[in-house]
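> What shape does this take:
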Amino acid sequence: MELGLEARACAITGASRGIGLATARMLCAEGASVLLVARGAGPLAEAEAACRGAARPPAEVASLALDVTDAGAAERIVGECERRFGKLDALVNNAGTSQRRDMDEVPDEDWYAAWELNVMAPLRAMRAAVPAMVERGWGRIVNVSSSAGKRPSAQMSEYSVAKAAELSLSRLFADRYAGRGVLVNAVCPGPVKSELWMEEGGLLDQARTGAERTRSEALEAVGSGRPIGRLAEVDEIAAAIAFLCSERASYVAGSAWSVDGGTVQVII
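Sure, this is the predicted structure:
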């Protein structure tokens, strides 16, 4: 399917690895120009090189190292995209992280940090990006939430609450701007075989129980908890995001797509 992304300009946060990098590569392969945003300059440079290798003309690739929770970060992202590509057509708010622990172990500062990263940073980015999209009568915004935003995880409490709020935020922006050509949606992945899960000490290791002697046993145990029977690959999440960024998603607004292998068993 031709997605109609050629010559579109996109910005992706959390783009140096995982879902963000997979999405950037996919958009570049469709001919879209992409600004990769992440905190670490080194990983970001590697990600930029990977995207250049995947890009199909007329795609251009650029990067911007910053923390999305910093003051003025949203304006810098939009301004850099406009400087590099002349416009911003699609924004993917993907930056995020989580860890597993009991709710009673979460200090107040981590509740605030989760709110800043998952709610306030996307809010500011959307406020900065939307006016020019409205003026042109075309825009796409995809907020990467989580299955935990639909069904809270007792082991990721501050993350679950913030991701639920991100879904409400997405719906508010969708309702306000859909009639003016700016379509706002969210995707809700479950566990994904990204660095967040698979790196040593990551969520997979944190999820291990005494009954699981090896990481492969833990991976099988986590995967068996999904009706589809496994964790997602990053490209499977990226494909949903790329579609929602595209011309083909012209009648999708205010959705919260579950891309979780059937984990959250509700029809919403």
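> Specify the local secondary structure of the nearest residue in space to G202 that is not next to it in sequence.
Distance criterion CB to CB, 6 or more residues apart in numbering; nearest residue to G202, sequence neighbours excluded, is L196 at 5.8 Å. Where you see a C-beta, it was placed from the backbone N, CA and C, and this is true even at glycine. Using DSSP: H, G, I helix; E, B strand; the rest coil, the structure places L196 in helix.
> Would you enumerate the residues in contact with L196?
Contact analysis of L196 by CB atoms under 8 Å, 6 or more residues apart in numbering lists G18, T97, S98, G202, L203.
> What about A49, how many residues nearby?
Counted by other CB atoms under 10 Å, the residues lying close to A49 total 11.
> can you tell me how far it sits from V61?
Distance, A49 to V61, by CB to CB, to the nearest Å: 9 Å.
> surely A165 meets W115?
Yes: at 7.3 Å, A165 and W115 qualify as touching, with contact defined as CB atoms under 8 Å.
> Helices of the protein, start to end?
18-29, 41-54, 73-85, 108-115, 121-136, 157-177, 195-198, 203-207, 215-224, 234-244 (DSSP state H).
> contacts for the fifth one?
The list of residues contacting helix 121-136 from outside it, by CB under 8 Å, 6+ apart, reads 11, 13, 68-69, 73-75, 77-78, 82, 87-89, 91, 93, 95, 139, 141, 143, 166, 169, 173, 177, 180-182, 184.
> repeat that with 7 Å
Defining contact as CB atoms under 7 Å, 6 or more residues apart in numbering, one finds that helix 121-136 is touched by 68-69, 74-75, 77-78, 87-88, 91, 93, 95, 139, 141, 143, 166, 169, 173, 177, 180-182.
> Just the buried residues out of the residues you listed, in PyMOL syntax.
Entered in PyMOL, the line below selects the buried ones among the contacts of helix 121-136, by 16 or more other CB atoms under 10 Å:
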select buried, resi 68+69+74+77+78+87+88+91+93+95+139+141+143+166+169+173+177+182
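> Domain-wise, how is the protein divided?
If you go by automatic domain parsing, the domain ranges for the chain are 9-190+235-258, 193-231.
> Where among the ones you listed is average confidence lowest?
Here these differ in mean pLDDT, and the lowest is domain 193-231 at a mean of 81.
> what about it, start to end distance?
End-to-end span of domain 193-231 (CA to CA, to the nearest Å): 6 Å.
> which residues touch the spatially most central residue of the chain?
Residue closest to the average C-alpha location in the chain (CA atoms, centre = their mean): N94, at 2.5 Å. Each residue near N94 by CB under 7 Å, 6+ apart is listed here: I12, T13, G14, I19, G20, T23, V144.
> And for A162?
A114, W115, N118, V119.
> Name the nearest residue to it, ignoring sequence neighbours.
Nearest non-adjacent residue to A162, counting by CB to CB, 6+ apart: N118, 3.8 Å away.
> Please apply the same query to A256.
Nearest one to A256, counting by CB to CB, 6+ apart, is A186 at 4.6 Å.
> ranking the helices of the chain by burial, who's on top?
Highest mean neighbour count among those (mean count of other CB atoms under 10 Å): helix 18-29, with a mean of 26.
> Now do it and helix 41-54, the angle between them.
30 degrees (axes from the mean of the first three to the mean of the last three CA atoms, to 10 degrees).
> What is helix 18-29 packed up against?
Contacts defined by 3 or more CB pairs under 7 Å, 6 or more residues apart in numbering; DSSP states H and E place helix 18-29 against strand 9-13, strand 33-38, helix 41-54, helix 234-244.
> hmm, back to that, if I look at the residue nearest to the centre of the chain, how far off is I141?
The gap separating N94 from I141 is 11 Å, by CB to CB.
> likewise G261?
Relative to I141, and taking CB to CB, G261 is found at 25 Å.
> same thing with V184?
V184 is 4 Å from I141, by CB to CB.
> What of I19?
Distance from I19 to I141, by CB to CB: 16 Å.
> Contact partners for the residue nearest to A256?
Contacts for A186 (CB under 7 Å, 6+ apart) come out as V142, N143, S145, E166, L167, S170, A256.
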